[in-house]
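Colleague: This is a predicted model, with the sequence first.
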Amino acid sequence: MGKTLIVDDEEDMRLLLRVLINSEDRGLRVVGEATNGEEAIALRSDVTPDIVVLDYRMPGLSGLDTARSLLEDEPDLPIVLYSAFIDEAVSDEADRIGVRRCVNKGDVTGLVRALRELTAAS
């Protein structure tokens with residue numbers, strides 16, 4: 001089972017992602033939600049996710065800073081950076097950090113595909 005942690009400061013986006021991930025038999029299940037990077041870091045050890053869907057722009061720690069911290073503790077944790085603000089510089093930095101995929105928030109199909117592929121590979 002792909003235990004998924006959702007990290008996004010927008011409640012509506014967390015709801016959409018939760019419904020999307022939990023609604024169909026994809027082998028995925030939301031085990032936790034955080035509204036910012038600090039919450040995600042604290043929650044990770046409690047919910048032990050198999051994969052993290054992480055917003056890029058949040059108050060406090062950015063998605064990239066959050067990814068750095070999460071990957072420092074667990075280098076093989078698959079992280080999908082999911083944002084409307086992904087450009088080449090963000091994508092390159094995410095790749096250097098170890099983020100597995102960057103997906104634009106408008107590409108729900110791409111997000112589902114990334115989650116399926118990454119949980120199948122782990």
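Modeller: Structure's in. What do you need? Numbers count the residues shown, from 1 in each chain.
Colleague: Every contact and neighbour count from this point should use C-alpha atoms.
Modeller: Fine.
Colleague: After the strand or helix carrying residue 42, heading C-terminal, what element do we hit next?
Modeller: Under the criterion of DSSP states H and E, residue 42 resides in helix 37-47. Proceeding N to C from helix 37-47, the next assigned helix or strand is strand 51-54, under DSSP H and E.
Colleague: now for that next one, which elements pack on it?
Modeller: strand 2-7, strand 79-83, helix 108-121 (3 or more CA pairs under 8 Å, 6 or more residues apart in numbering; DSSP states H and E).
Colleague: Tell me the confidence at the residue most central in space within the chain?
Modeller: Against the mean C-alpha coordinate of the chain, by CA atoms, centre = their mean, the closest residue is residue 53 at 1.4 Å. Note for residue 53: predicted pLDDT of 97.
Colleague: Now do the same contact list for it.
Modeller: 4-7, 79-82 (CA atoms under 8 Å, 6 or more residues apart in numbering).
Colleague: hmm, try it at 6 Å
Modeller: 6, 80 (CA atoms under 6 Å, 6 or more residues apart in numbering).
Colleague: okay, the angle between the helix holding residue 42 and strand 2-7?
Modeller: Counting by axes from the mean of the first three to the mean of the last three CA atoms, to 10 degrees, helix 37-47 lies at 160 degrees to strand 2-7.
Colleague: Pull out the C-alpha coordinates of the host helix or strand of residue 18 and format them as CSV.
Modeller: Secondary structure from DSSP H and E places residue 18 in helix 11-23. What follows is helix 11-23, C-alpha atoms only, in CSV (Å, rounded to 0.1, in the frame of the first residue of the first chain):
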residue,chain,number,x,y,z
GLU,A,11,-7.2,23.3,2.4
ASP,A,12,-9.1,22.9,-0.9
MET,A,13,-6.0,21.4,-2.6
ARG,A,14,-5.5,19.0,0.3
LEU,A,15,-9.1,17.9,0.0
LEU,A,16,-8.8,17.5,-3.8
LEU,A,17,-5.7,15.4,-3.4
ARG,A,18,-7.1,13.3,-0.6
VAL,A,19,-10.3,12.5,-2.7
LEU,A,20,-8.2,11.8,-5.8
ILE,A,21,-5.8,9.5,-4.0
ASN,A,22,-8.3,7.7,-1.9
SER,A,23,-11.2,7.5,-4.4
